[in-house]
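Trainee: My questions are about this predicted structure, shown below with the sequence.
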Amino acid sequence: MKYLVLLLILAVVVGWFFGRGRRKVEPPASTKAAPPEEVPQKRIEMLACAHCGVHLPRSEAAFDVAGRPFCTPEHRVAGPN
Ligand SMILES: [Zn+2]
């Protein structure tokens, strides 16, 4: 009889433990947070002048035939340094 009570207590403890563990493992789908969407940022690509090394936006760069960026047409004519 003593062992039966002990077994009953053990069964309750084990059942409670597993019940708690299972609840912990299952993540509720409703609370699953959506990954934060990346806000598209308008990034200005900066290029270094091949002659003097000054940085300037791609839209303002002057490119030579090889595709190298230059800060001014004068530096484009002068070529890479
Ligand atoms: Zn330059």
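Mentor: Received, thanks.

Trainee: who in the protein is up against the ion?
Mentor: Residues of the chain found near the ion, taking CB under 5 Å from the ion as the criterion, are Cys49, His51, Cys52, Cys71, His75. The C-beta positions use only the backbone N, C-alpha and C, and glycine is treated the same way.

Trainee: Just the buried ones out of those, please.
Mentor: With neighbours counted by 16 or more other CB atoms under 10 Å, the residues of the chain next to the ion contain buried members at Cys49, His51, Cys71, His75.

Trainee: from those, which two are the most distant?
Mentor: Across those, no pair lies farther apart than His51 and Cys71, at 7.3 Å, counting by CB to CB.

Trainee: what's the next secondary structure element after the lowest-mean-pLDDT helix or strand in the chain?
Mentor: When each helix and strand of the chain is scored by mean pLDDT, DSSP states H and E, helix 2-25 comes last, with a mean of 71. Remark: after helix 2-25, the chain's next helix or strand is strand 46-48, criterion DSSP states H and E.

Trainee: who does that next one pair up with?
Mentor: If you go by DSSP bridges, strand 46-48 pairs up with strand 55-57 (antiparallel).

Trainee: Next, find the distance separating the residue nearest to the spatial centre of the chain from the ion.
Mentor: Most central in the chain under CA atoms, centre = their mean is Glu38, positioned 8.6 Å from the mean C-alpha point. Using CB to the ion, to the nearest Å, Glu38 is found at 34 Å from the ion.
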